[in-house]
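Asker: Just need the structure, nothing else, for what follows:
(one chain, ligands or ions: 1)
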Amino acid sequence: MDKEKLRLVRQNFCRVFGDEGDIRCYFSPGRVNLIGEHTDYNGGHVFPCALTIGTYGVARKRNDRKLRFYSVNFNKLGIIEASLDELEYQKSLGWVNYPLGVLWAMEERGKKADYGFDLMVFGTIPNGSGLSSSASIEVLTGFIANDIYGFKFSNQDLALIGQYSENNFNGVNCGIMDQFAIAMGKENNAIFLDTSNLEYEYAPIKLDGMKIVIASSNKKRGLGDSKYNERRAQCEEALADLQTKLDIKSLGELSEEDFEEHSGLIKDSTNQKRARHAVYENQRTIKAVEALKNNDIETFGKLMNESHISLRDDYEVTGRELDTLVESSWEQRGVIGSRMTGAGFGGCTVSIVNEDDVELFVERVKRDYREKIGYDADFYIVSIGDGPVKVKF
Ligand code: GLA
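Answerer: Here you go, the predicted structure:
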């Protein structure tokens, strides 16, 4: 979080919406998942962390029922207007459907806003990069609504409300990982979350002499039109086949041995591969956190690499761009581990790299990517930050 950036957004807010009244300033992070991909809708474990990049928001309550939105990232769109009396998804409203969805989901939980608000946002998460810019806006909206309407939702509730709105208002069947990582973020810690019961623990990330490097493939990905929902449905079919003999509620309950013994129950061979990924990835995540606790970063890195291979071969969500980035990363000096992160089909990779080798790493992977793909990837050295905050000036 950079207070100077927020100050600039506040200035912009005053220019666009006027400077009178009670103007309040907020920040909500993005997230990166270190390991545990496509496990969160399979009752498995995930290991994400909140970032210090995210969404800045400046808001002021109105004295009518209008909602007005302005994004500094899309300033050509100007002010987008909506109303508390019409909380419905409308394609033409674009990103505004995320905050509207959250207000709608809060109404579903019995909390109705009396008056509208003006909201200006500015995101420092590369858009469509798989670092959860949408979940960041959802949690930001929930956090702001809590503050200006006096709602008392806990941060965990804000995560669930964000996910509910994304599933039921925006039509993406995402799991809980993104909103949870953002709402519950803690500086220098990743969150080891069991998505079957929302039990979680913080795990300190002490990367002495190492950095977390994110590479954005610049291949845009929209979750809604990607194959995300299809993967989820395939896992559900695989589970239903397994349930004909096994008493389980989710794929996350299976060990590798259980899976190997019973995988023949899954009729479709593609569904079998999808389920294998879900089961093995969950077990990898548990092992990776264990390794981290033992200060065994080498093993953690190896498990990251295996995660990518499984996402590439069994889950088939990587694609040429992400594979090029990761495969080049594996060849570079000082790389502990590298994998795609987020939903896949474009978006970003995450690598752990020795600090002294980062410069050369970026230079070489950038060069390889340009040669093979024909355009540039962008690189970010990121830090692990806190969940949403209100900032006073
Ligand atoms: C997206 C979804 C998450 C999760 C990941 C894959 O980010 O929003 O819920 O399923 O993909 O791990």
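
Asker: a helix runs through Gly346, doesn't it?
Answerer: No: with DSSP: H, G, I helix; E, B strand; the rest coil as the criterion, Gly346 is located in coil rather than a helix.

Asker: Would you mind measuring from it to Met1?
Answerer: Gly346 sits at a distance of 27 Å from Met1 (criterion: Cβ to Cβ, to the nearest Å). In short, each C-beta sits where N, CA and C put it, glycine included.

Asker: So if I had to pick from these two, which one is more boxed in?
Answerer: Applying other Cβ atoms under 10 Å to Gly346 and Met1 shows that Gly346 carries more neighbours, namely 24 against 19.

Asker: Mind checking what secondary structure Phe122 has?
Answerer: Recorded secondary structure, Phe122: strand (three-state DSSP).

Asker: Against the ligand, how distant is the closest residue to it other than its chain neighbours?
Answerer: Spatial nearest neighbour of Phe122, chain neighbours left out: Val72 (4.0 Å); criterion: Cβ to Cβ, 6 or more residues apart in numbering. In this view, Val72 and the ligand are 24 Å apart by Cβ to the nearest ligand atom, to the nearest Å.

Asker: my read: Val72 touches Val9, true?
Answerer: Yes: counting by Cβ atoms under 8 Å, Val72 touches Val9, with 6.5 Å between them.

Asker: How far away from the center of its chain is the top strand by length along the chain?
Answerer: Longest strand in the chain, counting residues (DSSP state E): strand 48-61. Strand 48-61 sits 13 Å away from the centroid of its parent chain (Cα atoms, centre = their mean, to the nearest Å).

Asker: same deal with stretch 383-393?
Answerer: Relative to its chain's centre, stretch 383-393 lies at 17 Å (Cα atoms, centre = their mean).

Asker: so how far does that stretch reach from one end to the other?
Answerer: Taking Cα to Cα, to the nearest Å, stretch 383-393 runs 24 Å from one end to the other.

Asker: got it, and stretch 35-47?
Answerer: With Cα to Cα applied, stretch 35-47 spans 5 Å between its terminal residues.

Asker: Give the residue from Val72 and Val9 that has the larger number of neighbours.
Answerer: Using other Cβ under 10 Å as the criterion, Val72 and Val9 rank with Val9 on top: 21 against 17.

Asker: so where does the more buried one fall, helix or strand?
Answerer: Taking DSSP states H and E as the criterion, the element that holds Val9 is helix 3-17.

Asker: Please put the alpha-carbon coordinates of that helix into PDB.
Answerer: Extracted as PDB, the C-alpha positions of helix 3-17 are listed here (Å, rounded to 0.1, in the frame of the first residue of the first chain):
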ATOM      1  CA  LYS A   3      -0.200   6.200   0.800                       C
ATOM      2  CA  GLU A   4       1.000   8.700  -1.800                       C
ATOM      3  CA  LYS A   5      -1.000   6.800  -4.500                       C
ATOM      4  CA  LEU A   6      -4.100   6.900  -2.300                       C
ATOM      5  CA  ARG A   7      -3.600  10.700  -1.800                       C
ATOM      6  CA  LEU A   8      -3.600  11.100  -5.600                       C
ATOM      7  CA  VAL A   9      -6.800   9.000  -5.900                       C
ATOM      8  CA  ARG A  10      -8.400  11.300  -3.300                       C
ATOM      9  CA  GLN A  11      -7.400  14.400  -5.300                       C
ATOM     10  CA  ASN A  12      -8.900  12.800  -8.400                       C
ATOM     11  CA  PHE A  13     -12.100  12.000  -6.400                       C
ATOM     12  CA  CYS A  14     -12.400  15.600  -5.400                       C
ATOM     13  CA  ARG A  15     -11.900  16.700  -9.000                       C
ATOM     14  CA  VAL A  16     -14.600  14.300 -10.400                       C
ATOM     15  CA  PHE A  17     -17.100  14.100  -7.500                       C
END
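
Asker: Work out the gap between it and the centre of the chain.
Answerer: Per Cα atoms, centre = their mean, the displacement of helix 3-17 from the mean C-alpha position of its chain is 26 Å.

Asker: ok, back up a step: average model confidence for the longest strand of the chain?
Answerer: The average pLDDT within strand 48-61 is 98.

Asker: C-terminal to that strand, what's the next element?
Answerer: strand 66-71.

Asker: Against which helices or strands is that next one packed?
Answerer: Using 3 or more Cβ pairs under 8 Å, 6 or more residues apart in numbering; DSSP states H and E, the elements in contact with strand 66-71 are helix 3-17, strand 80-83, helix 97-108, strand 117-123.

Asker: As CSV, those with mean pLDDT and distance to Lys366 would be great.
Answerer: Formatted as CSV, the helices and strands packed on strand 66-71 follow (pLDDT from 0 to 100; distance: least, Cβ to Cβ, whole Å):
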stretch, mean pLDDT, distance to Lys366
helix 3-17, 98, 26
strand 80-83, 97, 36
helix 97-108, 98, 32
strand 117-123, 98, 23
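
Asker: how close does Asn189 sit to the ligand?
Answerer: According to Cβ to the nearest ligand atom, Asn189 stands 19 Å off from the ligand.

Asker: residues near that residue, how many?
Answerer: Taking other Cβ under 10 Å as the criterion, the count of residues near Asn189 is 19.

Asker: Which residues lie in contact with it in this structure?
Answerer: Contact analysis of Asn189 by Cβ atoms under 8 Å, 6 or more residues apart in numbering lists 49, 202-205, 384.

Asker: sec struct for the closest residue in space to Gly337 that isn't next to it in sequence, please.
Answerer: Nearest residue to Gly337, sequence neighbours excluded (Cβ to Cβ, 6+ apart): Gly301, at 2.9 Å. Following three-state DSSP, the label given to Gly301 is helix.
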